[in-house]
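Chemist: Compute the structure for the input listed below.
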Amino acid sequence: MSDHHHTADHDAHAAPEASGIKKITNILVLLGLPLVVVGSLVVYYMGQSSGHMAASMSEEAVMGRIQKVGVLQLGEASREPKTGEQVYQAQCTTCHAAGLVGAPKLADAGAWAPRIATGYEALLTSALKGKGNMAAQGGGAFADFEIGRAVAYMANAAGAKFEDPKAPEAEGAAAPAADAASAAK
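Modeler: Down below sits the predicted model:
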């Protein structure tokens with residue numbers, strides 16, 4: 001090979017050396033920047049915990065952020081039973097007030113007469129299980145006896161003479177009272 005390789009030519013292409021001041025500046029910046037960032041964070045967090053809490057960290061604010069999305073309620077534990085009119089207003093009025101999809105209108109004796117002739121139990125069964133276009137319980141979520149009250153209310157408005165069903169609790173309480181009365185005789 002040739003010995004024509006000159007060191008001077010090679011050194012001419014090398015990068016110029018950084019001055020001593022520039023090296024020191026680079027080292028100070030690289031060491032100082034993390035110290036400034038860490039120091040700033042320490043000062044910030046010390047200010048946050050100095051006895052007064054930021055509004056976003058108050059107990060009310062935190063509870064608001066982690067509040068329940070929804071509530072599952074399996075049933076009402078203790079509520080007053082609805083009357084036939086209340087159930088009618090809440091559930092039945094949509095179809096029975098306007099006579100939609102073949103539903104007999106409230107107080108329309110002609111439309112209700114053949115249904116009344118089948119008797120209360122048949123009407124109640126149709127209401128509870130559904131019939132024709134009507135879903136079971138008319139799509140509602142009432143107790144069976146409350147649906148029975150609504151059936152009696154609508155049929156009676158059209159001329160029937162059905163008794164209003166009593167709440168099961170009332171029947172259970174009435175039986176011991178009747179037994180006590182007969183025992184007293």
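Chemist: Confirm for me that residue 81 is in contact with residue 148.
Modeler: No. In this structure, residue 81 is not within contact of residue 148 by C-beta atoms under 8 Å, at 10.7 Å. C-beta coordinates here come from the backbone N, C-alpha and C atoms, glycine included.
Chemist: of the two, who's got more company?
Modeler: Higher neighbour count among residue 81 and residue 148: residue 148, with 24 against 17, using other C-beta atoms under 10 Å.
Chemist: The closest residue to residue 144 other than its chain neighbours: neighbouring residues, count only.
Modeler: With C-beta to C-beta, 6 or more residues apart in numbering as the measure, residue 128 is the residue that lies nearest to residue 144, at 6.0 Å, once sequence neighbours are left out. Taking other C-beta under 10 Å as the criterion, the count of residues near residue 128 is 15.
Chemist: And for residue 117?
Modeler: That count, for residue 117 with other C-beta under 10 Å as the rule, works out to 9.
Chemist: Could you tell me the phi and psi values at it?
Modeler: phi -60, psi -30 (degrees, to the nearest 10).
Chemist: any idea how far the spatially most central residue of the chain is from residue 137?
Modeler: Most central in the chain under C-alpha atoms, centre = their mean is residue 70, positioned 3.3 Å from the mean C-alpha point. Computed as C-beta to C-beta, to the nearest Å, the residue 70 to residue 137 distance reads 24 Å.
Chemist: now swap in residue 116 and tell me
Modeler: Residue 116 sits at a distance of 20 Å from residue 137 (criterion: C-beta to C-beta).
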